[in-house]
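Peer 1: just the structure for this:
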Amino acid sequence: MKKLALVTVLLVGLLLPFTAQPASAGNGGAFWGGFGAGTATGLFVGTALAPRYYAPAPVYVVPQTVCQDYVTQGYWRQVTVTDPSGAPMVQNQWVPGSVQRVCQ
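Peer 2: From the prediction side, this is the model:
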């Protein structure tokens with residue numbers, strides 16, 4: 001599009017001096033020819049030289065982390081221990097519960 005507008009502007013600029021006729025002050029029809037040439041030139045030059053406005057680049061938003069707490073209940077377990085005489089015996093031992101946080 002930019003190249004097409006530039007070529008058109010150059011062609012109009014090169015050919016306009018050969019096609020334009022000087023008009024007398026009393027000729028009312030010369031206004032519309034100049035108005036048309038000025039409008040066409042303004043449109044093409046304005047299109048070729050106008051700054052381009054682009055949308056900003058897309059932004060990636062990292063999702064927030066989601067955390068969950070997993071609670072395990074305490075329980076009793078049996079542990080083998082030896083008494084002072086060296087004989088094995090079974091004893092109950094309490095294992096407390098725990099909380100584990102998992103974040104994704």
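
Peer 1: what about this structure, any weak spots by pLDDT?
Peer 2: For the chain, the stretches flagged by pLDDT under 70 are 1, 16-30.

Peer 1: just the helices in it please.
Peer 2: Secondary structure of the chain by DSSP state H: the helices cover 2-19, 30-49.

Peer 1: which of the ones you listed sits closest to residue 103?
Peer 2: Nearest to residue 103, of all these, is helix 2-19, at 51.4 Å by CB to CB. Quick note: C-beta positions are derived from backbone N, CA and C, even for glycine.

Peer 1: break this protein down into its structural domains.
Peer 2: 2-18+29-49, 67-103 (automatic domain parsing).

Peer 1: now those domains as CSV including distance to residue 60?
Peer 2: Below are the domains of the chain laid out as CSV (distance: least, CB to CB, whole Å):
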stretch, distance to residue 60
domain 2-18+29-49, 31
domain 67-103, 20
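
Peer 1: any chance of these in a markdown table, plus mean neighbour count and distance to residue 61?
Peer 2: Formatted as a markdown table, the domains of the chain follow (neighbours: other CB atoms under 10 Å; distance: least, CB to CB, whole Å):
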| stretch | mean neighbour count | distance to residue 61 |
| --- | --- | --- |
| domain 2-18+29-49 | 12 | 35 |
| domain 67-103 | 9 | 18 |
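
Peer 1: for residue 51, give its distance to residue 8.
Peer 2: The gap separating residue 51 from residue 8 is 20 Å, by CB to CB, to the nearest Å.

Peer 1: for residue 81, find the nearest of the helices of the chain.
Peer 2: helix 2-19 (89.0 Å).

Peer 1: packing partners for that closest one?
Peer 2: Counting contacts by 3 or more CB pairs under 8 Å, 6 or more residues apart in numbering; DSSP states H and E, helix 2-19 packs against helix 30-49.
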